[in-house]
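Novice: Requesting a structural model of the entry that follows:
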Amino acid sequence: MAMAPDSGAFVSKFVLEPPSPSPSLPLAGLTFAVKDIFDVEGHVTGFGNPDWARTHEPASSTAPAVLNVLKAGATCVGKTVMDEMAYSLFGENKHYGTPRNPCAPDRVPGGSSSGSAVAVGAKLVDFSLGSDTGGSVRVPASYCGILGFRPSHNAVNTVGVIPLAQSLDTVGWFAREPSILKQVGRVLLELPDADPSRPSQIIVPRDCFQLSNIPSERLTQALVRSVEKLFGGGIIKHTILGDYIRDKVPALSSFLREINEDEVDIIPSLEALSTARRLLQRYEFKNNHKEWISAVNPDLGPGISDNVRAAIQTTEENVDVYWSVKKEFHAALTSLLGDFGILAIPTVPGPLPKLQTDVSSLEVYDAKAMRLLSIAGVSGFCQVSIPMGLHDNLPISISLLAKHGADGFLLDLVETLYESLQEQAEIAEKSV
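Specialist: Prediction:
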């Protein structure tokens, strides 16, 4: 089947103009698309599945996040394809088709905000809105070679966005340019004007970079050299994050008991963190959607159906422990970073999977990815995925995290670092 000229990114197209257009507005002249998880008045919010669309009425109002960027002068041009029920990281949708990755057409685009990432990566819009619970903005941003921002938890209004798991859900966004990423962020986060703050430290956890199949120096070299150039090398610190988490988050002990610590390529404390996060996501998803699933018995694609089944069968066991984990981990990471510290990690654990990879292989990749993605998810910290060129002709990225509420600081830092990072990434790419 021939791919549509829009790279298969859109599930529906329409035009929503700013209510009071003016060239002085911060997003004037920019176009954007929204994931089909956001309510737009008069349109059915499809949630990636035709059975959901069939059994729901058009939205009676528009999500505040969408309204805010419209009021800031941007024009919405449609809704984008997403993974069914937002329950996958890979971007394949058997009903609406899989949006084509503009960097690697034979690879998955990443999900669940697949169409939103592709629309930006293929230059169909200037920016787009997605949602990120487990990694649904960060992963497709990495796979499509663009910028993706997951804000601090509860920093952006999620009203009018279908929930997956409210304790983890965020409204995120994609852009190709750091200036647009920042402008959109300032609107969504309602940030006041402020001078950029200098980072106090850039922490590079060696163990996290060892989780990636990409050579660690290929990712860290460009970051270190850029930081040295702009801020001096004295702020770069190296650590073993897994040991720090084990020491500072005693509530993880109940999850650590279930982990084989002799297994290769795992960090036990991050594995335990991922297990706790997965438990909470399943529990909240079940509370949100079990009734509809039981009533409708929706047609779900491979992988998605397994995820949904596991969630519906989950119990309340250990859910209370999760809240202790979340509180302790938030405090531990806040103490580690301080007000203006940055944690640098790989966004994903390796090269993006090929299209139509078997479900069991994707499950293995997903488990590895969640060891990294759960850091921001459980802490509630903000995270940005930054493209770092190509490795073996596939896009790679690095992520920077800052403490909860430091979104403006992180957006400023991306804008400051970006040009140098791209220069250094190009040098590193050519030297391999």
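
Novice: can you map out the strands along this structure?
Specialist: Applying DSSP state E to the chain gives strands spanning 10-16, 31-35, 75-80, 127-132, 147-150, 170-175, 201-205, 236-239, 341-346, 382-391, 394-402.

Novice: Nearest to residue 293, out of those?
Specialist: Nearest to residue 293 among the strands of the chain is strand 127-132 (19.2 Å), distances taken as Cβ to Cβ. Every residue, glycine included, has its C-beta placed from N, CA and C.

Novice: pLDDT on stretch 202-211, on average?
Specialist: Per-residue pLDDT over stretch 202-211 has a mean of 97.

Novice: Let's see the distance spanning it from one end to the other.
Specialist: This stretch, stretch 202-211, spans 19 Å end to end (Cα to Cα, to the nearest Å).

Novice: And the contacts of it?
Specialist: With Cβ atoms under 8 Å, 6 or more residues apart in numbering as the test, stretch 202-211 has contacts from 216, 219-220, 223-224, 227, 231, 235-243, 265, 267, 270, 336-337, 341-346, 349, 368, 371-372.

Novice: Go through the strands of the chain and name the closest to residue 94.
Specialist: Nearest of these (Cβ to Cβ): strand 10-16, 13.6 Å.

Novice: Please save the CA atoms from stretch 296-310 in PDB.
Specialist: C-alpha atoms of stretch 296-310 as PDB (Å, rounded to 0.1, in the frame of the first residue of the first chain):
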ATOM      1  CA  VAL A 296     -16.700  -3.500  24.200                       C
ATOM      2  CA  ASN A 297     -14.000  -6.300  23.900                       C
ATOM      3  CA  PRO A 298     -12.100  -4.000  21.500                       C
ATOM      4  CA  ASP A 299     -10.000  -5.400  18.600                       C
ATOM      5  CA  LEU A 300      -6.400  -4.600  19.700                       C
ATOM      6  CA  GLY A 301      -3.200  -5.200  17.900                       C
ATOM      7  CA  PRO A 302      -0.400  -7.600  18.900                       C
ATOM      8  CA  GLY A 303       1.600  -6.500  21.900                       C
ATOM      9  CA  ILE A 304      -1.100  -3.900  22.800                       C
ATOM     10  CA  SER A 305      -3.600  -6.700  23.600                       C
ATOM     11  CA  ASP A 306      -0.900  -8.400  25.900                       C
ATOM     12  CA  ASN A 307      -0.300  -5.100  27.700                       C
ATOM     13  CA  VAL A 308      -4.000  -4.500  28.200                       C
ATOM     14  CA  ARG A 309      -4.600  -8.000  29.400                       C
ATOM     15  CA  ALA A 310      -1.800  -7.800  31.900                       C
END
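
Novice: Count residues in the vicinity of the closest residue to residue 240 other than its chain neighbours, would you?
Specialist: Nearest non-adjacent residue to residue 240, counting by Cβ to Cβ, 6 or more residues apart in numbering: residue 207, 5.0 Å away. Neighbours of residue 207 under the rule other Cβ atoms under 10 Å: 16.

Novice: Repeat that for residue 238.
Specialist: Neighbourhood size, residue 238 [other Cβ under 10 Å]: 11.

Novice: Next one: it relative to residue 413, how far apart?
Specialist: Per Cβ to Cβ, to the nearest Å, residue 238 is found 19 Å from residue 413.

Novice: With residue 11 instead?
Specialist: 34 Å.

Novice: same deal with residue 245?
Specialist: 24 Å.

Novice: Distance of residue 7 relative to residue 249?
Specialist: Separation of residue 7 from residue 249 (Cβ to Cβ): 42 Å.

Novice: Comparing the two, which residue is more hemmed in?
Specialist: Per other Cβ under 10 Å, whichever of residue 7 and residue 249 has more neighbours is residue 249, with 26 against 21.

Novice: so where is this structure shaky, pLDDT-wise?
Specialist: Low-confidence segments of the chain, defined by pLDDT under 70, are located at 1-4, 264, 432.

Novice: what's the burial count for residue 26?
Specialist: For residue 26, the neighbour count with other Cβ under 10 Å is 14.

Novice: residues contacting it?
Specialist: For residue 26, the contact set (Cβ under 8 Å, 6+ apart) comprises 72, 73, 183, 186, 187.

Novice: export stretch 45-65 as PDB, just CAs?
Specialist: Extracted in PDB, the C-alpha atoms of stretch 45-65 (Å, rounded to 0.1, in the frame of the first residue of the first chain):
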ATOM      1  CA  THR A  45     -11.000  11.600  20.400                       C
ATOM      2  CA  GLY A  46     -10.100   8.200  19.000                       C
ATOM      3  CA  PHE A  47      -7.400   7.000  21.400                       C
ATOM      4  CA  GLY A  48      -5.800   5.100  18.500                       C
ATOM      5  CA  ASN A  49      -8.500   2.500  18.200                       C
ATOM      6  CA  PRO A  50     -11.600   2.400  16.000                       C
ATOM      7  CA  ASP A  51     -13.700   0.700  18.600                       C
ATOM      8  CA  TRP A  52     -13.000   3.500  21.000                       C
ATOM      9  CA  ALA A  53     -13.900   6.100  18.400                       C
ATOM     10  CA  ARG A  54     -17.100   4.200  17.500                       C
ATOM     11  CA  THR A  55     -18.300   4.100  21.200                       C
ATOM     12  CA  HIS A  56     -17.500   7.700  22.100                       C
ATOM     13  CA  GLU A  57     -19.200  11.000  21.200                       C
ATOM     14  CA  PRO A  58     -17.400  14.100  19.800                       C
ATOM     15  CA  ALA A  59     -15.700  16.200  22.400                       C
ATOM     16  CA  SER A  60     -17.800  19.000  23.800                       C
ATOM     17  CA  SER A  61     -14.800  21.100  24.600                       C
ATOM     18  CA  THR A  62     -11.100  21.400  23.700                       C
ATOM     19  CA  ALA A  63      -8.300  20.400  26.000                       C
ATOM     20  CA  PRO A  64      -6.700  23.400  27.800                       C
ATOM     21  CA  ALA A  65      -3.200  22.500  26.500                       C
END
